[in-house]
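Asks: build the 3D model from these lines:
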Amino acid sequence: MKDRNVSIMSRDRFKALMAMLHVVDPDKDEEDKLRKVSSFLEFFKQKCKDLYQSFQCVVVDERMVKSKHRSGIR
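Replies: Numbering: from 1, shown residues only. Here you go, the predicted structure:
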């Protein structure tokens with residue numbers, strides 16, 4: 001049998017890649033693009049409301065850095 005230069009991926013690397021892989025049926029049109037992080041967003045919103053101090057000067061700028069990136073999330 002000939003000795004070939006074949007690289008084989010380690011099992012741990014394969015498992016790490018498989019954990020990051022997410023396959024979705026393109027025929028399923030899901031409305032909520034943030035469904036995976038919605039629980040975190042709700043937690044974050046509640047913490048913001050709890051920690052907000054209205055007597056401080058707070059300024060929020062919608063766009064501080066020019067970008068041509070277009071996101072599907074509005």
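Asks: and residue 12, what element?
Replies: helix 11-20 (DSSP states H and E).
Asks: by contact count, what packs against that helix?
Replies: The helices and strands touching helix 11-20, judged by 3 or more CB pairs under 8 Å, 6 or more residues apart in numbering; DSSP states H and E, number zero. The way it works is simple: take the backbone N, C-alpha and C, and place the C-beta from them, glycine included.
Asks: helix or strand next in line after it, which one?
Replies: helix 38-51.
Asks: put the alpha carbons of that following helix into CSV.
Replies: C-alpha atoms of helix 38-51 as CSV (Å, rounded to 0.1, in the frame of the first residue of the first chain):
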residue,chain,number,x,y,z
SER,A,38,-34.2,37.2,22.1
SER,A,39,-33.9,36.0,25.8
PHE,A,40,-30.6,37.9,26.2
LEU,A,41,-32.2,41.0,24.6
GLU,A,42,-35.1,40.9,27.0
PHE,A,43,-32.7,40.5,29.9
PHE,A,44,-30.6,43.3,28.7
LYS,A,45,-33.5,45.7,28.1
GLN,A,46,-34.8,45.0,31.7
LYS,A,47,-31.3,45.6,33.2
CYS,A,48,-31.1,48.9,31.2
LYS,A,49,-34.5,50.0,32.6
ASP,A,50,-33.5,49.0,36.2
LEU,A,51,-30.1,50.8,36.1
